[in-house]
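>>> Here you go, sequence then predicted model.
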Amino acid sequence: MPQQASVARDVFELVREAIDARAIVENLKTPEDGAVVVFDGFVRNKFKGQPTLYLEYEAYEPMALSKIREIGAHMREHFAIHRVAMVHRLGRLEIGETSVLIAVSSAHRAAAFDACRYAIDALKRGVPIWKKEYFAGGAVWVEGEKPGQQAISAPSSSTP
Amino acid sequence: MPQQASVARDVFELVREAIDARAIVENLKTPEDGAVVVFDGFVRNKFKGQPTLYLEYEAYEPMALSKIREIGAHMREHFAIHRVAMVHRLGRLEIGETSVLIAVSSAHRAAAFDACRYAIDALKRGVPIWKKEYFAGGAVWVEGEKPGQQAISAPSSSTP
Amino acid sequence: MRVQVLFFGQLKEIVGASQEEAELSEGARVEDLFERYGRRFPKLAEFRDSIAASLNREYADWRAPLATGDEVAFLPPVSGG
Amino acid sequence: MRVQVLFFGQLKEIVGASQEEAELSEGARVEDLFERYGRRFPKLAEFRDSIAASLNREYADWRAPLATGDEVAFLPPVSGG
């Protein structure tokens, strides 16, 4: 009989408070798994050589959440993984604070690595979230890539 | 001028108490980085279909530590990473407890993913550590792969 | 017909609003809506090639036809993560 | 010459000891040491193909020559991680 703890409870969230990596990872682990791979992205102290004071993230929230869920669905479909957590923080973040946490559990580590890497690549190119860097002299919206659905459903060759 | 916090302090340890993933990862992060990739391997509740009660790890400690350090050196040489932590626990472990934690920080995520994956592959095939699974009916030494130096210095095609 | 229009990131700062209602003639497409804003805000028009459009929270083709009540958003290059 | 011999995992259980001293004649190699234990513990000999040997904490060839004071270990298939 399956234990209660083993019921899959994926986590997809946009939050405005600090991301508690430990709680998210511990919540993800179940005794059936053997491996968790975690990607923790956090605020760097420099942007193009200029010291960053802090930064702000904003999102097209309902669409961002729905795209994050799609990434999760794609992971389940393409990788032999057990559970997924994807949490992105919005609002003002200080240097060193975690902006995004992705955790993937699986029985075999290769699937967790592949899925986690796909997830952060897809998030960075397919989820409508924007970052504004604040410097002593002003602020700038960071320009990443032109977003699109193909980042989620047909990721480039960098991920299997 | 580099900050004190940015001085590289890699961690290579064999421990007999619980592994504090949060402390290890937080200690690894410096404001120059932007990404940490973590591999957390923990005790599964089954081995070949049989419920595990607990397990015990033993190591040829001085050689294991030296091989773990070699893996760290290989990571620095082959991947553009910033800092590395590799901690393996020995002795008795209960279901769900972390047996190995590998954390890698870098400015760019691809290097951290590649290095972390290489590290766990190399550790599992090249570091003299053994696991004994205890069941209701007895115990068995888990047989992995025949160990050898090539697992560390010339890893197979599964890692770049 | 009336549609909701949303702007994010630097587009929001160019337009000076994150959300507006727009009245369009029947048959209008996403690109027509963008062109209207491009005329009002020439700087916005310069972004055309790096912007994606969404229609009701899905990525949409610039030639997608609009209907009353639709929610259109113009999405500059993303930088989450 | 005298060398230290270490056994791990199931080899340790077969031999009934984790560490022993062995007295060898000059010119002896790692494989000679293993053969001696294989004669005492036939079950150990069966493991030969899946075992690695180390000499002074480095992986070693079975044909590596030994010197007095060396530390030799016989390492069954590893299962860390």
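Structure received. Numbering: from 1, shown residues only, chains lettered A, B, ... in the order given.
>>> Helix, strand, or coil at A:Glu70?
Counting by DSSP: H, G, I helix; E, B strand; the rest coil, the backbone at A:Glu70 sits in helix.
>>> Would you enumerate the residues in contact with the closest residue to A:Lys46 other than its chain neighbours?
Take A:Lys46 and drop its neighbours on the chain: the residue closest to it by Cβ to Cβ, 6 or more residues apart in numbering or on different chains is A:Thr52, 6.1 Å away. In this view, the C-beta of every residue, glycine as well, is placed from N, C-alpha and C. Contacts here follow Cβ atoms under 8 Å, 6 or more residues apart in numbering or on different chains; on that basis A:Thr52 touches A:43-46, A:95, A:133-135.
>>> mind listing which of those are in strands?
Within those, residues falling in strands by DSSP state E are A:46, A:133-135.
>>> Pick out the most distant pair among those residues.
Using Cβ to Cβ, these reach their maximum pairwise distance at A:Lys46 and A:Tyr134, which is 12.7 Å.
>>> thinking again about what came up before, measure the residue nearest to A:Lys46 to chain D for me?
In this structure, A:Thr52 and chain D are separated by 37 Å, where distance is defined by Cβ to the nearest Cβ, to the nearest Å.
>>> Check the gap between that residue and chain C for me.
Separation of A:Thr52 from chain C (Cβ to the nearest Cβ) stands at 13 Å.
>>> returning to what we had before: now flag whichever of the ones in strands among the contacts of A:Thr52 is closest to chain B.
A:Lys46 (7.3 Å; Cβ to the nearest Cβ).
>>> Around the closest one, how many other residues sit close by?
The burial metric for A:Lys46, expressed as a neighbour count using other Cβ atoms under 10 Å in any protein chain shown, is 15.
>>> Assign the residue nearest to C:Val78 when sequence neighbours are not counted to helix, strand or coil.
In this structure, C:Val78 finds its nearest non-sequential neighbour in A:Pro147, 4.5 Å apart by Cβ to Cβ, 6+ apart. Look at A:Pro147: counting by three-state DSSP, its state is coil.
>>> any weak-confidence spans in chain C?
Within chain C, no range satisfies pLDDT under 70.
>>> Let me fix that, I meant to ask about chain A.
Of all residues in chain A, those with pLDDT under 70 make up the ranges A:1-8, A:156-160.
>>> rewinding a little: which of the contacts of A:Thr52 are buried?
Neighbour-count burial (16 or more other Cβ atoms under 10 Å in any protein chain shown) is assigned, among the contacts of A:Thr52, to A:43-45, A:133, A:135.
>>> These: which ones sit near chain B?
Applying Cβ under 8 Å from any Cβ of the partner chain to those, one finds that A:43-45 fall near chain B.
>>> Need phi/psi at whichever residue of chain C sits closest to chain A.
In chain C, the residue found nearest to chain A is C:Gly80; the distance is 2.8 Å by Cβ to the nearest Cβ. In this entry, C:Gly80 is assigned phi and psi values of phi -70, psi 170 (degrees, to the nearest 10).
>>> tally of neighbours for it?
When neighbours are defined as other Cβ under 10 Å, C:Gly80 has 29 of them.
>>> what kind of secondary structure is whichever residue of chain C sits closest to chain D in?
When scored by Cβ to the nearest Cβ, chain C has C:Gly81 as its residue closest to chain D, at 28.6 Å. When classified by three-state DSSP, C:Gly81 comes out as coil.
>>> From start to finish, how long is stretch A:126-139 in a straight line?
In terms of Cα to Cα, to the nearest Å, the two terminal residues of stretch A:126-139 are separated by 24 Å.
>>> still on that earlier bit, tell me which of the ones in strands among the contacts of A:Thr52 is nearest to chain D?
Comparing these against chain D with Cβ to the nearest Cβ picks out A:Lys46 as the nearest, at 35.4 Å.
>>> how close does that closest one get to chain C?
Per Cβ to the nearest Cβ, A:Lys46 is found 15 Å from chain C.
>>> what sits against residue 53?
Going with chain A. By Cβ under 8 Å, 6+ apart, the residues touching A:Leu53 are A:134-136.
>>> looking at chain C here, not the other one
Neighbouring residues of C:Ala53 by Cβ under 8 Å, 6+ apart: C:30, C:34, C:59-62, C:64, C:72-75.
>>> Save these as TSV, and put in neighbour count, secondary structure and distance to chain B too.
Below are the contacts of C:Ala53 laid out as TSV (neighbours: other Cβ atoms under 10 Å in any protein chain shown; DSSP: H, G, I helix; E, B strand; the rest coil; distance: Cβ to the nearest Cβ, whole Å):
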residue	neighbour count	secondary structure	distance to chain B
C:Val30	22	helix	33
C:Phe34	20	helix	33
C:Tyr59	21	strand	24
C:Ala60	20	strand	29
C:Asp61	11	coil	31
C:Trp62	15	coil	32
C:Ala64	18	coil	33
C:Val72	20	strand	32
C:Ala73	25	strand	27
C:Phe74	24	strand	28
C:Leu75	24	strand	23
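>>> Pull up the residues of chain A that are close to chain B.
A:21-22, A:25, A:29, A:31-46, A:95-96, A:107, A:109-110, A:113, A:116-117, A:120, A:158.
>>> So what's the residue count around A:His88?
Other residues near A:His88 number 25, with proximity taken as other Cβ under 10 Å.
>>> same deal with C:Ala52?
That count, for C:Ala52 with other Cβ under 10 Å as the rule, works out to 20.
>>> for A:Glu58, same thing?
Close neighbours of A:Glu58, defined as other Cβ under 10 Å, add up to 19.
>>> Double-check that it belongs to a strand.
Yes. Counting by three-state DSSP, A:Glu58 is found in a strand.
>>> I'd say C:Asp32 and C:Leu24 touch.
Yes. Using Cβ atoms under 8 Å, C:Asp32 is in contact with C:Leu24, at 6.8 Å.
>>> More neighbours: which of the two?
When C:Asp32 is set against C:Leu24 and neighbours are counted by other Cβ under 10 Å, the residue ahead is C:Leu24, at 19 against 16.
>>> what sits against A:Met63?
Taking Cβ under 8 Å, 6+ apart as the criterion, A:Met63 is in contact with A:128, C:54, C:57-58, C:73.
>>> now the residues you listed: which count as buried?
By neighbour count, with 16+ other Cβ under 10 Å, these hold A:128, C:54, C:57, C:73 as buried.
>>> For chain A, which segments count as helices?
A:21-28, A:61-78, A:109-126, A:150-153 (DSSP state H).
>>> just those: most buried one?
The highest average neighbour count among the helices of chain A, using mean count of other Cβ atoms under 10 Å in any protein chain shown, belongs to helix A:109-126 at a mean of 24.
>>> Which residue comes closest to A:Gly72 once chain neighbours are left out?
Spatial nearest neighbour of A:Gly72, excluding adjacent residues (Cβ to Cβ, 6+ apart): A:Val84 at 5.0 Å.
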